[in-house]
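Asker: Sequence first, then the predicted structure:
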Amino acid sequence: MSSPSITDAPRRLFLALWPEEAERRRLADLAASVAGRRRVRDDHLHLTLVFLGATAAARLAGYEAALADLPTLELELVLDHYGYWPQPRILWLGSSRTPPELYERVADLHRRLRGCGFIPERRAFQAHITLARKFPGPAPAQPPTAPVRWPVNEVALVESLREEGGVRYQVLRRWPGLG
Ligand code: ATP
Ligand code: MG
């Protein structure tokens, strides 16, 4: 029996909405204004749709096949609302009117992934962008003065890489689109 090579090691993956430069800048400005030095790094800002966790290569191939024909997603997120979860001490940005299409997309992702053996979280999906961790709370009393409008049309497959000093995210591919 051959021993698995290092490239066969499971990878820590998730599906997310990944902001383009313009939206990332606006999100980063908000994070800086409300969370100061506790804010999430600018290049880490994202919205997780499905956390896939440690994923072996064969499993990943199945997921990619199951997601290959994802229909186009076109919606606009209006991020106008701060929230705070005291237990993980997370300050987040969300929408007071998350489009139903986003929930439908997450449900569709779950359906497709389930067919490949993925077990979705029991917790209901809550669309949020983590702005700060280890945040003392509470959330700012006032909502953002100008909501961030984020036109969304792709789902990104992202790898979370453990590195010295923390984590790094790498977008592996996007759907629909050219991959
Ligand atoms: P760190 O764990 O080092 O604080 P992180 O949480 O940003 O960094 P990951 O743990 O790799 O990095 O998580 C990647 C994304 O998946 C993040 O958006 C995180 O909130 C989300 N995530 C992580 N674990 C889970 C989980 N068990 N259920 C749902 N979402 C998760
Ligand atoms: Mg984590």
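Answerer: Received, thanks. Numbers count the residues shown, from 1 in each chain. Ligands and ions are numbered 1, 2, ... in the order given.

Asker: measure Glu74 to Ala35 for me?
Answerer: 30 Å (Cβ to Cβ, to the nearest Å). Quick note: C-beta positions are derived from backbone N, CA and C, even for glycine.

Asker: More neighbours: which of those two?
Answerer: Ala35 (19 against 11; other Cβ atoms under 10 Å).

Asker: Please name the residues that touch the closest residue to that one other than its chain neighbours.
Answerer: Nearest non-adjacent residue to Ala35, counting by Cβ to Cβ, 6 or more residues apart in numbering: Ala132, 3.5 Å away. Taking Cβ atoms under 8 Å, 6 or more residues apart in numbering, we find Ala132 in contact with 31, 34-35, 38-40, 90-91.

Asker: among these, which are in helices?
Answerer: Among those, the residues falling in helices (DSSP state H) are 31, 34-35.

Asker: Identify, from those, the entry nearest to Trp85.
Answerer: Ala35 (13.8 Å; Cβ to Cβ).

Asker: That closest one contacts Arg133, doesn't it?
Answerer: No. Counting by Cβ atoms under 8 Å, Ala35 does not reach Arg133; the two are 9.0 Å apart.

Asker: Let me know the distance separating the residue most central in space within the chain from ligand 1.
Answerer: Computing the C-alpha centroid of the chain and ranking residues by Cα atoms, centre = their mean puts Thr48 first, at 2.0 Å. Going from Thr48 to ligand 1 by Cβ to the nearest ligand atom, to the nearest Å gives 4 Å.

Asker: wait, is that residue part of a strand?
Answerer: Yes. Counting by DSSP: H, G, I helix; E, B strand; the rest coil, Thr48 is part of a strand.

Asker: So it versus Ala146, what's the distance?
Answerer: In terms of Cβ to Cβ, Thr48 sits 24 Å off from Ala146.

Asker: now swap in Ser160 and tell me
Answerer: 31 Å.

Asker: out of the two, which sits in the busier spot?
Answerer: Ser160 (16 against 10).

Asker: List the neighbouring strands of the strand or helix carrying that one plus their orientation.
Answerer: Using DSSP states H and E, Ser160 sits within strand 155-163. Here strand 155-163 is paired, per DSSP bridges, with strand 11-17 (antiparallel), strand 166-175 (antiparallel).

Asker: quick one: contacts of the shortest one?
Answerer: Residues from elsewhere that reach strand 11-17 (Cβ under 8 Å, 6+ apart): 46-55, 60, 77, 109, 150, 152, 154-162, 172.

Asker: and what of the last one?
Answerer: For strand 166-175, contacts defined as Cβ under 8 Å, 6+ apart pick out 13, 18, 43-44, 46, 64, 67-68, 70, 154-161, 179.
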